[in-house]
Structure formats: C-alpha cells, structure tokens
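Peer 1: Pasting the sequence and the predicted model now:
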Amino acid sequence: MKYKKLVSILLFFLLLFGTVFAQAGANRKGTAGAAELMIPVGARGISMAGSAVVDAVGVDAIYWNPANLARSSHSFEVSFSHMEYLADIGVEYGALGLALGEFGSLGLSIKALSIGDIVKTTNEYPDGTGQTFSPQFVTIGLTYSKLLSDRVSVGLTANYISETLDLVSASGLSFDIGVAYSNLASVNGLSLAVTLKNLGPDMKFDGSGLLVLADQDGVKRDPQYYKIDAAGFALPTTLEIGLGYQYSINDVNMLQVASSFTNHNFYEDEYKFGLEYAYNDFLFVRGGYTMMPELDADYQVYGLTAGVGLNYMVNDVALKFDYAFRDVDLPGADAQHIVTLGLGF
C-alpha cells in the first residue's frame, strides 16, 4: 500500500512538472539548447520509433526510462552503440549497469558526438584562415534504479552536459526521472511508464571567444577587450507517457506492442508506436512509426523505422546484437543506421 501511495505521488508530480514546462515553452518552440540530449541512442528503441519508454530494460533503459534499469535479468551489463546521424555526425554511446541486490541498480553512460574538423572563418577571411576546430559535445550520466515491488520500479539519472565550440564552452546538469508499472490493473503483460527528462537549469556559453576589441564612447584611450555576456538557454524538457502490452503466442513466439506520447516544452507533441516480434528469445524483428499531428507533413523529418536483433547465450553470458534503420525526409540526407552491441553476465 505504501508503494502505491509513493508511486501515485511521484506520478502526480511528474505530470504536474511536465505540464508547467510545456506551458512555459509553448511560445518558444525551436529555441531550446543542448539539443544533443534529444538524440536517441540504442538500436532497439530507435527501431521501435522511440516508444521504448515502457519496455526497454537493463542498460537499454538508461536513456529511455531509468526506472527500468533495475528490471535487468543480468547482474552486470555493458552496451556500445554507433549511429550515423545527420550531416555526417557520428553518435557514440556506451553504458554499463550493475545490480546491487536490495540496494538497487547503478548505471553509467556516456554519449559523444563525432562532428569532425570545421574550418575557421572570420570577417577578413570568409573562405577560411587555414585553421580548424573540432566541436565537442559530451553527456555523462549516473543512474540509480530500484524495484519497489515486483510491479513498480523508479529511477533517476543525473547528466553532466559539456559543450565546447572552439574558444567558448558551456556546461550544466540535467535530470531524468522515471516510473514504471508492470501488470497494470492486474492484467498480465500490460505496462505503464512515465518519464520527465532533461530537467535542469539554463546553460550559458562563456570563454575567450566572447572577447571583442572595441572603443568605449566618451573615453580617450586605446581600444580595450570587452566580454560579451551570452544569453542563457533552456534545456529541452520532455514529458513521456508510455503504454505497452506483451502477448505470448506460445512458448517460443511473443509480441510486444508499445506506444508513447511525448510532450515537448519547445516542440510539437509526438505519438510513437512500436512493434516487436520475438522468436525463442533469440531472433527479434521490429518496426515503428512516429506521428506529429500538429506539424505539417512537409516538416516531419523521420518516417518509418525498422530493425532486427539477436540474443545468443554462451554459457551464462548473453551476447546481443541490434540493428536499426530510420528513414530521413530531408534534402540530401541519407537514412540513418544504428548498430548496438551488448554483453550481459
């Protein structure tokens, strides 16, 4: 009974905070910063159109819903993922999870963007100065998750965000909070999940790149360096509600249906749907689709998603391979391919 009250209170505050942030950002769509927080990771979740907030477990759940880290069937997991993103940007992601008995589970994750070298330009040299710089975008997360009962789990991730663009940089903290409830309403296989992601204070760029050489009006002295005070930018907070159902056809065939609703504080709402077929817990075939009814169809970037997965046991070690394909509707942009490798002990 005490767990039900705790979960009810937590769900209430998640929904309340999500509503407040959505209303606060209603007139500021497209102006949030730290956009790398919104780049999904993990082939399984992406192949199901991002609906994995309800059914991703173990280290796969750290990004989608930290509450489900504690639902891993392994005492230790590690996962590595690579995605070819837009404009030849590579997204590298690694995570590990450790089960610590009654204390709960801990997870560590790191996501980095591989952008490559960019030619420096100035007003005097618009075609380039002969120098280059390489932007660095890194997010490091620490996750705690615990099963409150056989049905209810909660989780929290604290993310350290670092962005460096040549001579300026910004850093900050964000938090992801999640709740997951399995066998909802005593229906076996029915699950509900709620997450509030990217919650944190504004970030601001600083550094020597903001120094400008200028004259001060009314003062007779040589030009001095003055620092521009950069404006702060808010994080892309989202509220996600997921509902899923797992149906066992027989002993070796299973279907997982997942759906989620995502409310953005700086973007239009998303409705995501995913389907996974599993054969003997070895072969997985997945698909998904994202709908954004409030956004004109010409501005919807992503279309159908699909993927496959393999889970092979060697003694007591689980070897996992997942692949995802995501269609991209942008001029000159190729479809995205995501590969994830994992181990479970």
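Peer 2: Happy to help now that I have it.

Peer 1: Every contact and neighbour count from this point should use C-alpha atoms.
Peer 2: Fine.

Peer 1: so how far is residue 140 from residue 147?
Peer 2: 24 Å (Cα to Cα, to the nearest Å).

Peer 1: same check, this time on residue 123
Peer 2: Counting by Cα to Cα, the gap from residue 123 to residue 140 is 36 Å.

Peer 1: who has more neighbours, those two?
Peer 2: residue 140 (19 against 7; other Cα atoms under 10 Å).

Peer 1: so how far is residue 245 from the more buried one?
Peer 2: 32 Å.

Peer 1: for residue 46, same thing?
Peer 2: Taking Cα to Cα, one finds residue 46 at 18 Å from residue 245.

Peer 1: So between these two, which is more surrounded?
Peer 2: residue 46 (26 against 21).

Peer 1: for the stretch 1-150 of the chain, what are the low-confidence residue spans?
Peer 2: 1-31 (pLDDT under 70).

Peer 1: got the residue ranges for the strands in it?
Peer 2: Using DSSP state E, counting those that start in this stretch, the strands of the stretch 1-150 of the chain run over residues 76-84, 90-99, 105-114, 118-119, 132-133, 136-147.

Peer 1: would you turn these into TSV with distance to residue 257?
Peer 2: Listed next are the strands of the stretch 1-150 of the chain as TSV, based on distance: least, Cα to Cα, whole Å:
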stretch	distance to residue 257
strand 76-84	24
strand 90-99	25
strand 105-114	26
strand 118-119	43
strand 132-133	45
strand 136-147	23
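
Peer 1: number of nearby residues for residue 296?
Peer 2: Residues near residue 296, counting by other Cα under 10 Å: 8.

Peer 1: Next: residue 231.
Peer 2: 10.

Peer 1: What separation is there between the nearest residue to it once chain neighbours are set aside and residue 174?
Peer 2: In space, and not counting its chain neighbours, residue 231 is closest to residue 204: 6.4 Å by Cα to Cα, 6 or more residues apart in numbering. Applying Cα to Cα, the value for residue 204 to residue 174 is 14 Å.

Peer 1: same check, this time on residue 76
Peer 2: 25 Å.

Peer 1: Show me the beta-bridge partners of the residue nearest to residue 99 when sequence neighbours are not counted.
Peer 2: Leaving out its chain neighbours, the residue that sits closest to residue 99 by Cα to Cα, 6+ apart is residue 105, at 4.4 Å. Going by DSSP bridges, residue 105 is paired in beta bridges with residue 99, residue 145.

Peer 1: thinking residue 160 is in contact with residue 174, fair?
Peer 2: Yes: assessed by Cα atoms under 8 Å, residue 160 is found in contact with residue 174 at 6.7 Å.

Peer 1: Same drill for those two, tell me which one is more crowded.
Peer 2: More neighbours surround residue 174 than the other of residue 160 and residue 174, with 21 against 16 (other Cα under 10 Å).

Peer 1: Contacts only, for the more buried one.
Peer 2: Taking Cα atoms under 8 Å, 6 or more residues apart in numbering, we find residue 174 in contact with 158, 159, 160, 161, 197, 198, 199, 200, 201, 235.

Peer 1: between the host helix or strand of it and strand 136-147, what angle do the directions make?
Peer 2: Element membership for residue 174 (DSSP states H and E) is strand 168-182. Between the axes of strand 168-182 and strand 136-147, defined by axes from the mean of the first three to the mean of the last three Cα atoms, to 10 degrees, the angle is 20 degrees.

Peer 1: So what are the sheet partners of the following helix or strand past strand 168-182 and their directions?
Peer 2: Remark: after strand 168-182, the chain's next helix or strand is strand 190-199, criterion DSSP H and E. Each strand paired with strand 190-199, and its direction, by DSSP bridges: strand 168-182 (antiparallel), strand 238-248 (antiparallel).

Peer 1: Name the residues of the helix or strand just after strand 190-199 that are buried.
Peer 2: Per DSSP H and E, the first helix or strand lying C-terminal to strand 190-199 is strand 211-214. Within strand 211-214, not a single residue qualifies as buried, counting by 16 or more other Cα atoms under 10 Å.

Peer 1: Following element in sequence after strand 211-214, please.
Peer 2: Downstream of strand 211-214, the first helix or strand assigned by DSSP H and E is strand 224-227.

Peer 1: Strand partners (parallel or antiparallel) of that following strand?
Peer 2: Going by DSSP bridges, the partners of strand 224-227 are strand 211-214 (antiparallel).

Peer 1: What average pLDDT does the partner strand get?
Peer 2: In this model, strand 211-214 carries a mean pLDDT of 86.

Peer 1: Quick one: distance of it to the chain centre.
Peer 2: Relative to its chain's centre, strand 211-214 lies at 38 Å (Cα atoms, centre = their mean, to the nearest Å).

Peer 1: Please put the alpha-carbon coordinates of it into CSV.
Peer 2: Extracted in CSV, the C-alpha atoms of strand 211-214 (Å, rounded to 0.1, in the frame of the first residue of the first chain):
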residue,chain,number,x,y,z
LEU,A,211,36.0,38.9,-26.1
VAL,A,212,35.8,41.7,-28.6
LEU,A,213,38.1,44.6,-29.2
ALA,A,214,36.1,47.9,-29.0
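
Peer 1: Identify the residues contacting residue 203.
Peer 2: Taking Cα under 8 Å, 6+ apart, one finds 33, 170, 171, 172, 232, 233, 234, 235 in contact with residue 203.
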